[in-house]
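S.K.: Task: produce atomic coordinates for the following.
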Amino acid sequence: MPAGAVSVALLLVGLLIIVLAHRMARRKGLNPVFWSLLAALIGPLVFPFIWLARPRNSSR
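M.R.: Got it, this is the predicted structure:
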């Protein structure tokens, strides 16, 4: 596989992780921008942190 294809694949996986973290945070009532930036920095390791974070909307 050419190096360009690997770079594109890694970029797409990274963007998918960011989008998923954004959606998870928004559904939980957390700040989606913060969690998206954190996902960009630490990648898929952000998911357990979102899962363990307390939701802000406790009225649900």
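S.K.: Work out which residue lies at the spatial centre of the chain.
M.R.: The geometric centre of the chain, computed from its C-alpha atoms, lies nearest to A21 (C-alpha atoms, centre = their mean), at 2.5 Å.
S.K.: That residue is in what secondary structure piece?
M.R.: Assigned by DSSP states H and E, A21 belongs to helix 3-28.
S.K.: Can you mark which positions in that helix are buried?
M.R.: Residues of helix 3-28 classed as buried: I17, I18, L20, A21, H22, M24, A25, K28 (neighbour count, 16 or more other C-beta atoms under 10 Å). No exception for glycine: its C-beta is placed from N, CA and C like everyone else's.
S.K.: which residues touch I17?
M.R.: For I17, the residues meeting the contact criterion (C-beta atoms under 8 Å, 6 or more residues apart in numbering) are A39, G43, P44, V46.
S.K.: Spatially, which two of the residues you listed are the most separated?
M.R.: A39 and P44 (7.9 Å; C-beta to C-beta).
S.K.: Check the spacing between V46 and A25 real quick.
M.R.: Distance of V46 to A25, given as C-beta to C-beta, to the nearest Å: 9 Å.
S.K.: can you list residues touching both of these two?
M.R.: W35.
S.K.: right, and F47 touches A25 too?
M.R.: No. F47 sits out of contact with A25 when judged by C-beta atoms under 8 Å, with a separation of 10.4 Å.
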